[in-house]
Structure formats: C-alpha cells, structure tokens
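Q: Provide a 3D model corresponding to the input given below.
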Amino acid sequence: CEDVIIGDSGSTLGDFRRMAVGFYDSGMPLLGPSDALDAILRSRRELTAACPLAVMQANILRLESLLAGVFQKSAQRRNEQFAALNEASALHSQIGILREL
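A: Below you'll find the predicted structure:
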C-alpha cells in the first residue's frame, strides 16, 4: 500500500503515512494544510480497497482537525463573552457610583 499514488497529487500513501507520523511526533495541536490528506479524502472510496487503514488515518486526522477547530472557536467565544461580561460589570459599577453623586 506504500506505493499507491493518491489521486492526482503525485504523493503516495507511504508519503502520507510519513507525514502523519511526523505530525504526531511533532506534538503540534493542529495539522496544517496537506495536499495528500485532501487527495485521500477526495478519493476515499477508491483508496479504501487498496488501503483502508490509510483512509481511516485520513478520516481521523480530518476529524481531529474539525474538533480542534470547534474547541478553539468555542474558547475564543468564551473569552469574548468573559471580556464583555467584565466590561458590563465595570460599567454597572460606574453607573452605581454615578447614581450616588
């Protein structure tokens, strides 16, 4: 399965495997753009017959990317909400002080 060419990318499944291993070894939280991954996902039906484990790995990498993106956006929204609530609280306190004048 190492020598199977992935769609029209020019990459092989072996190249993809080495890229996936390198990504996991790097400790990076997100995988950057990958032509090989995109090509596998586009050709997953054809490639499943040749190497189902490579297709499974591509699906896992894409799933991890989607979930990390959702988590990251949720965390950003939480931070924005927290900042807005802090500002609202400060404004409420200032209004209270102004009422006493």
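Q: Just give the nearest non-adjacent residue to residue 44, would you?
A: residue 55 (4.9 Å; CB to CB, 6 or more residues apart in numbering). C-beta here means a position set from N, CA and C on the backbone, and glycine is covered the same way.
Q: Please identify the helix or strand for that neighbour.
A: Assigned by DSSP states H and E, residue 55 belongs to helix 52-100.
Q: hang on, the residue nearest to residue 44 packs against residue 42?
A: No. Judged on CB atoms under 8 Å, residue 55 makes no contact with residue 42 at a distance of 11.2 Å.
Q: Looking at these two, which has the bigger crowd around it?
A: Between residue 55 and residue 42, counting by other CB atoms under 10 Å, residue 55 is the more crowded of the two (20 against 15).
Q: which residues does that one contact?
A: For residue 55, the contact set (CB atoms under 8 Å, 6 or more residues apart in numbering) comprises 40, 44, 47, 48.
Q: Just the buried subset of these, written out for PyMOL, thanks.
A: The following PyMOL line selects those of the contacts of residue 55 that are buried, judged by 16 or more other CB atoms under 10 Å:
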select buried, resi 40+47
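Q: and which of the contacts of residue 55 is nearest residue 68?
A: residue 40 (18.9 Å; CB to CB).
Q: which SS state does the closest one fall under?
A: Here residue 40 is helix, with the state taken from DSSP: H, G, I helix; E, B strand; the rest coil.
Q: Can you name the residues that contact it?
A: Contacts for residue 40 (CB under 8 Å, 6+ apart) come out as 6, 7, 13, 16, 47, 54, 55, 58.
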